[in-house]
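Need the 3D shape of this:
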Amino acid sequence: MADTEKHLFCFGYGYSCDYIGHELMQRGGWRISGTTRDPDKRKDLRSRGITAHLFDYNAPLPDPLYMLRDVTHLLICTPPSADGDPSFNLHAQDILDLKKLEWIGYLSTTSPYGDRGGKWVDETSEARPITKRGSRRLDVERQWLSLFQTYQLPVHIFRLAGIYGPGRSALDSVRSGIARRIDKPGHAFSRIHVEDLVQVLLASMSAPSPGEIYNVCDDMPTPSHEVIEYACHLLGIEPPPLLSFHEVDLAPIAISFYADNKRVRNDKIKKVFDIKLKYENYRDGLQACLEAENYASSLLKSNI
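So this is what the prediction gives:
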């Protein structure tokens, strides 16, 4: 690796990593690598110039010091378990040994804030999760921050709202026929378009501030049934009926999402990074998703 080349390694190379990896490769001067649990996905990633390794969370990487030896930027996207973050548990010591590390980002969620009865929270608000999901996230945040507090590693925590983008939005739920409009009066969810998440992460990489926590969300927390209704409008489909939360049968994971009701402020990312969100609300974001998907479809048809 050239002295001026940067190397991003992603534990858990998924949807968001695909976007930031693509952006960095387009800019040039970056090498991208990461882990996946799926052998077929590893083949796909390697075909696109990404050095991919299998990591099933039950055993460490076979030669971590070699795989991570020249990493400058580390992004953690692995889901937490009852024992914490598998990436941390299996490789914290290896990460401490890295000589060129400039930035570490952990992608958390807003669940550590818990339920605030629909009131606003920001990064100064106390973390008081009420779900197992939120408690696990907070535990993992503390794991990673311990590397900053004890060893001064450049750790940053990003509390993400629900990520959406092309191929992963309310448009896809509507098309697949699984979308439901569920009404829980006074309840709102926050969201973030994947391109805006990438914008925030790149800004942080350019100006590291170790130990900081950032909320990453758009300007408009909204009831989920309104988002589904707008997606149906864009697709020219009659929206599904509005169902009462108390009368519908939901999976436990869905119930846990509805347990938390808060509106998340994003002032810090705008002020610290001096950025303007590309998609300040779900309407702009979904419209952009539809345009991107229609464009991709037209390219596919033209190549047939």
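
For the stretch 51-200 of the chain, just list every one of the strands.
51-54, 73-76, 103-109, 120-121, 155-160, 162-164, 181-183, 191-193 (DSSP state E, counting those that start in this stretch).

Between these, which one is closest to residue 256.
strand 103-109 (11.4 Å; CB to CB). In this view, the C-beta of every residue, glycine as well, is placed from N, C-alpha and C.

what packs against the closest one?
Packing partners of strand 103-109 (3 or more CB pairs under 8 Å, 6 or more residues apart in numbering; DSSP states H and E): strand 73-76, helix 132-151, strand 155-160, helix 194-206.

Need those in TSV (columns: mean neighbour count).
Formatted as TSV, these follow (neighbours: other CB atoms under 10 Å):
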stretch	mean neighbour count
strand 73-76	24
helix 132-151	18
strand 155-160	24
helix 194-206	20
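
re the thing from before, would JSON lines of the strands of the stretch 51-200 of the chain with distance to residue 86 be doable?
Shown next, in JSON lines, are the strands of the stretch 51-200 of the chain (distance: least, CB to CB, whole Å):
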{"stretch": "strand 51-54", "distance to residue 86": "13"}
{"stretch": "strand 73-76", "distance to residue 86": "10"}
{"stretch": "strand 103-109", "distance to residue 86": "13"}
{"stretch": "strand 120-121", "distance to residue 86": "28"}
{"stretch": "strand 155-160", "distance to residue 86": "17"}
{"stretch": "strand 162-164", "distance to residue 86": "20"}
{"stretch": "strand 181-183", "distance to residue 86": "33"}
{"stretch": "strand 191-193", "distance to residue 86": "24"}
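
For residue 129, find the nearest of the ones you listed.
Nearest to residue 129, of these and by CB to CB, is strand 103-109 at 10.0 Å.

Quick check: mean pLDDT of the closest one?
Strand 103-109 shows a mean pLDDT of 98.

likewise stretch 30-50?
97.

ditto for stretch 234-251
95.

For it, buried residues please.
234, 239-240 (16 or more other CB atoms under 10 Å).

Tell me the one of those nearest residue 299?
Closest to residue 299 out of the buried residues of stretch 234-251 is residue 234 (20.2 Å), distances taken as CB to CB.

Could you find the closest non-adjacent residue to the closest one?
residue 290 (5.4 Å; CB to CB, 6 or more residues apart in numbering).

before we move on, what about residue 245?
Per CB to CB, 6+ apart, closest to residue 245 is residue 184, 3.8 Å.

Let me know whether that neighbour touches residue 258 as I believe.
Yes. Assessed by CB atoms under 8 Å, residue 184 is found in contact with residue 258 at 5.8 Å.

Which neighbours do the two have in common?
residue 245 (CB atoms under 8 Å, 6 or more residues apart in numbering).

Would you confirm that residue 179 contacts residue 228?
Yes. With contact defined as CB under 8 Å, residue 179 reaches residue 228; the gap is 5.0 Å.

Now the common contact residues for these two.
Common neighbours of residue 179 and residue 228 (criterion: CB under 8 Å, 6+ apart): 170, 173, 240.

Identify those among those that sit within helices.
Within the shared contacts of residue 179 and residue 228, residues falling in helices by DSSP state H are 170, 173.

Is it possible to get a markdown table of the shared contacts of residue 179 and residue 228 that adds distance to residue 104?
Converted to a markdown table, the shared contacts of residue 179 and residue 228 look like this (distance: CB to CB, whole Å):
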| residue | distance to residue 104 |
| --- | --- |
| 170 | 32 |
| 173 | 33 |
| 240 | 42 |
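
Going by distance to residue 57, which of the shared contacts of residue 179 and residue 228 wins?
Using CB to CB, the shared contacts of residue 179 and residue 228 come closest to residue 57 at residue 173, 27.9 Å.

which residues does the closest one contact?
179, 228, 231.

do you know how far it is from residue 11?
Distance of residue 173 to residue 11, given as CB to CB, to the nearest Å: 28 Å.
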